[in-house]
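# Can you look at this prediction? I've put the sequence above it.
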Amino acid sequence: KLGGWSMMQIAREEGALLTLLARIMNAKSAIEVGTFTGYSAISIARGLVPGGQLLCCDVSEEWTSIARDYWARAGV
């Protein structure tokens, strides 16, 4: 479905690293610029402290709507 755009995805290991970094920093908030399909945002959000917030910015409504669906499915 994503065709050549799929190269913009981060690897599973990178997602785990983002979660770990947010967790060991005891991060309460984070900002992500550019979301694509939302995988890195999910990874960061999972590492935030309970009640933490992630501000995710993207100029593409198409990609953001895809990301919103994945965020909802991930419960973040």
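Right, received. Where do you want to start?
# Could you find the residue nearest the spatial middle of this structure?
When C-alpha atoms, centre = their mean is applied to the chain, the residue found nearest the centroid is A41 (1.0 Å).
# which stretch of helix or strand covers that one?
Taking DSSP states H and E as the criterion, the element that holds A41 is helix 39-47.
# who does that helix touch, helix- and strand-wise?
For helix 39-47, the contact count by 3 or more C-beta pairs under 8 Å, 6 or more residues apart in numbering; DSSP states H and E identifies helix 12-24, strand 29-33, strand 53-57, helix 61-74 as packing neighbours. Where you see a C-beta, it was placed from the backbone N, CA and C, and this is true even at glycine.
# Who are the packing partners of the first one?
Using 3+ C-beta pairs under 8 Å, 6+ apart as the contact test, the elements touching helix 12-24 are helix 39-47.
# Could you double-check that A30 lies in contact with L55?
Yes: the pair A30 and L55 passes the contact test of C-beta atoms under 8 Å, sitting 7.4 Å apart.
# Those two: which has the busier surroundings?
Counting neighbours by other C-beta atoms under 10 Å for A30 and for L55 shows that A30 has the greater number, 19 against 10.
# and the more buried one, what does it touch?
With contacts defined as C-beta atoms under 8 Å, 6 or more residues apart in numbering, A30 is in contact with 22, 44-45, 48, 52-55.
# go with 7 Å
Residues in contact with A30 (C-beta atoms under 7 Å, 6 or more residues apart in numbering) are 22, 44, 48, 54.
# and the two most separated of those residues?
Farthest-apart pair in these is A22 and L54; separation 8.9 Å (C-beta to C-beta).
# Which neighbours do those two have in common?
When C-beta under 7 Å, 6+ apart defines a contact, the residues bordering A22 and L54 alike are 30, 44, 48.
# Format those as TSV; extra columns: pLDDT and distance to E62.
Formatted as TSV, those follow (pLDDT from 0 to 100; distance: C-beta to C-beta, whole Å):
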residue	pLDDT	distance to E62
A30	98	23
I44	97	21
L48	98	26
